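Q: need the 3D shape of this:
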Amino acid sequence: MVDLHDFWLTTKGAELGVRPDSGFAIVAVGGLGRQELLPHSDLDLILLHDDMDPAVVSEVADGLWYPLWDAHIKLDHSVRTVPQALQVAATDMSAALGLLEARHIAGDESLTELLITGVRRQWRADIRNRFVELVDQAGDRWRRSGDIAHRAEPDLKNGRGGLRDVQMLGALAIAQLTDGMANLRPDSPGAGLQVAYTRLLDIRTELHRIAGRPREQLRAQDADEIGAALRIGDRFDLARVISDSARTISYSVDVGLRTAGNALPRRGLAKLRRPPVRRPLDEGVVEHSGEVVLARNAIPSKDPGLILRVASASARTGLPISASTLSRLADYAPELREPWPSEALSDLLVLLGTGRHMVAPIEALDRTGLWGRLLPEWGAVRDLPPRDAIHTWTVDRHLVETAANASRMTTRVSRPDLLVLGALVHDLGKGRGADHSVVGAELATQIGNRFGLWPDDVATLSAMVRHHLLLPATATRRDLDDPATTRDVVDALGGDRLLLELLAALAEADSLATGPGVWGDWKASLIGELVRRCLRVMDGEELPAPEPLTDEQRARAEAGGVFVDIAPTENAHTHLVTMIAPDSDGALSKMAGVLALNGLRCHSATAQSHAGSVVDTFMVIPAFGDPPDAGLLRQQLLQATAGTIDVLARIDARERESPIPTAPPPVNDPDGAPVAVPALFALAPPRVLWIDSAASDGDGAPRTILELRAADRSGLLSRVSAVIESYGVAIEWATVATMGGTVIDTFGLRLSEDSADLRSRLADAVIGVVPPPEPPRETDDEQGSSGVPIG
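A: Alright, predicted model coming up:
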């Protein structure tokens, strides 16, 4: 097509006197300029002249345009001098982008070269002032045309991840702000930007040919014919190729725009500004210039868990992962050994607990081949299109959206870690030619063992996947008043209350991620009623209790005094801290506060008393580097007990001075103006549960158990303990479990009085020190996000 039109234009131009040194030139832009002319596409031509006589110019233009019109070829034409063309390019963004792709066809080549050189020089000089306009224009186009990867009838040219996006990257490359190519390995999904672009161009070519006219939106009725013509397969295979290509292009655009924004030339006082500092986010992970990058001392080849730490840091702070960091990880990071170390699983849970903030990091890992290393089973569902119109997303994106929804429900259940893991893998069995629930349950067992879960947890995870459709299918298709309905569900779940509460939350998260209108008050009420009926049939739960003390701990407690010990565990970054001190008010709060002051993140804890001493053990992970010496911790504990230091005040001051990682660092544009970065909140609202327990010491004082489910924050255990004791309530024992970004703190309390008013005030005070929940999105309200009551 290109050769045919070039030949005709050259021949016709010669007939009209458009020859070298004639003062005329025929210049192609658009598809012909890029040498990508499609069937039935418009011709975009410029007749360039060197300020020639108007009559001569008109004669040449008529001789060139009229034969094309007579041949019914659609033509977008203009007649200009070089200064006129440059003036148009300076004021019209679309014209500027078109002229950046200009190509000489016939006539005076020096005239064309003058235009091309001038346009590119002007574009590079003005890009600092026009960059925002370019980005805004792309954003408007994306809003009109949508995301190609998740559209049933995508706009291949104008949608997000479409052909115009690649052309925009080319314009930024001409401005010398980016190379136009994201760092993608050949074995990454999409296999690189150029391959993705060529695939979409081939599909658009067939679309034009089949339609017999220019058309950018791929209609469902044409998909099978296009797939067959390109030897791709049926319409589902074609949809998968389009999604893969569009997501590769979208990732490349994200990287390109971010790189270009950081590379914009500075002017004025901005030139004198100090270079950005590197702020630590996690072990081996720092923030630099508004991106998550590797620390200088990080060695990816010796640190398999670095991939997940980078991803979780990105999700926690809302900062994107640097393309160079992803490329370095893809080249050098080894696979995690099986079973995973507990730190790796913890980082995955942190990532999955950040709600929609997890989408961008997971997409970045997936586009660079890193997510597939963590979950090899993901390849079967990557870009897999849904088989019915009710689904909004591809299967892999649906899994991520379900996990994002589940992260808002983590305080409803007693095992938030299993909830988000089950949400992530519940549909992994699709695309394998069998019942996806059955196949998925087998895969969940395989994945749970790889993650290093306990055998009972692996069985629960597998059962979640096997029965993830049980509650919605039963509630909407069976008679709930029939006792056999309830009995069938209870029997299917083996009378497991934990599994029931997990499936109830998963059903809601799954429905919300399916599409608009799938979850509503009617469906929520049916599932809620079914859950309540099942709970009445099941047996009661066992009350939580701490593990008994060891003989060594008892001996040290009986010896009296203050003792602190730090012992390594089988995991490289995890340490066991034992603290023993005379029993006194606020002992647990002060011990936990000392750990927080030294950057030790508590993942689990047990607090007990014996022989007049408190015996507290903490499983901790240092935020950076190695843990402090046990002697330093003992000295600070002595000072805190004596009242010479206020640990909570110091924690508050440190949190204000160093917002990372609980909030993203300030990011400035090249002129120094602050750029808004989304502050992260807790996703699920905190909950306080009361579990009654009989008095055990015969002193008549009422005893009860308080369970807090909330998002984690620095020094949370210290703050909560201090609040509880400020109400005159004694903490007899405590157990703490951190599951990703969610904590479940259980306290055995001895109350001076037991009243509804005290419980209410104490619960409000405890909730007051945990992070506030993130406001729900409008889409959640539109879909009727009403929770399922568990009990």
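
Q: pLDDT weak spots in this protein?
A: In the prediction, the chain carries residues with pLDDT under 70 at positions 180-191, 266-276, 539-545, 658-683, 693-702, 774-791.

Q: longest helix in it, by residue count?
A: Of all segments of type helix in the chain, defined using DSSP state H, the longest is helix 109-145.

Q: mind giving me the packing neighbours of that helix?
A: Taking 3 or more Cβ pairs under 8 Å, 6 or more residues apart in numbering; DSSP states H and E as contact, the helices and strands that helix 109-145 lies on are strand 24-29, strand 43-49, helix 82-91, helix 93-99, strand 103-107, helix 163-174, helix 235-263. For every residue, glycine as well, the C-beta is placed using N, CA and C.

Q: got the angle between it and strand 24-29?
A: Using axes from the mean of the first three to the mean of the last three Cα atoms, to 10 degrees, the inter-axis angle of helix 109-145 relative to strand 24-29 is 30 degrees.

Q: roughly how far is helix 109-145 from the heart of the chain?
A: Between the mean C-alpha point of helix 109-145 and the mean C-alpha point of its chain there is a distance of 31 Å (Cα atoms, centre = their mean, to the nearest Å).

Q: over to stretch 388-400?
A: 16 Å.

Q: ok, now stretch 562-577?
A: When C-alpha coordinates are averaged (Cα atoms, centre = their mean), stretch 562-577 and its chain have centres 33 Å apart.

Q: in it, which residues are buried?
A: Of the residues in stretch 562-577, 563-566, 571, 573-575, 577 count as buried by neighbour count, 16 or more other Cβ atoms under 10 Å.

Q: span of that stretch from start to end?
A: Here the two ends of stretch 562-577 are set 13 Å apart, with distance taken as Cα to Cα, to the nearest Å.

Q: re the thing from before, of the buried residues of stretch 562-577, which belong to strands?
A: In this view, these that belong to strands under DSSP state E are 563-566, 575, 577.

Q: closest one of these to residue 392?
A: For these, the minimum distance to residue 392 (Cβ to Cβ) is 44.6 Å, reached by residue 575.

Q: OK, contacts around that closest one?
A: Going by Cβ atoms under 8 Å, 6 or more residues apart in numbering, residue 575 touches 566-569, 600, 619-622, 627.

Q: if you set the cut-off to 6 Å instead, what comes out?
A: Residue 575 is in contact with 566, 568, 620, 627, counting by Cβ atoms under 6 Å, 6 or more residues apart in numbering.

Q: one more: residue 763?
A: residue 688.

Q: can you mark which positions in the helix or strand hosting it are buried?
A: Under DSSP states H and E, the secondary-structure element containing residue 763 is helix 756-767. Neighbour-count burial for helix 756-767, counted by 16+ other Cβ under 10 Å, picks out 758, 762-763, 766-767.

Q: Serialize those to CSV and add fields for distance to residue 688.
A: Putting those into CSV (distance: Cβ to Cβ, whole Å) gives the following:
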residue, distance to residue 688
758, 13
762, 8
763, 4
766, 6
767, 6
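
Q: which of these lies closest to residue 199?
A: Closest to residue 199, out of all of those and judged by Cβ to Cβ, is residue 767, at 51.7 Å.

Q: how close does that closest one sit to residue 602?
A: For residue 767, the distance to residue 602 (Cβ to Cβ, to the nearest Å) stands at 19 Å.

Q: and what of residue 35?
A: As defined by Cβ to Cβ, residue 35 lies at a distance of 62 Å from residue 602.

Q: which one's more surrounded, those two?
A: Under the neighbour definition other Cβ atoms under 10 Å, residue 35 and residue 602 were set side by side, and residue 602 has more, 23 against 13.

Q: the more buried one contacts residue 618, doesn't it?
A: Yes - shown here, residue 602 and residue 618 form a contact pair, counting by Cβ atoms under 6 Å, at 5.2 Å.

Q: quick one: buried residues of the helix or strand hosting residue 32?
A: Using DSSP H and E, residue 32 maps to helix 30-33. By neighbour count on 16+ other Cβ under 10 Å, the buried set for helix 30-33 is 30-33.

Q: and the two most separated of those?
A: For the buried residues of helix 30-33, with distances taken as Cβ to Cβ, the pair at the greatest spread is 31 and 33 (7.2 Å).
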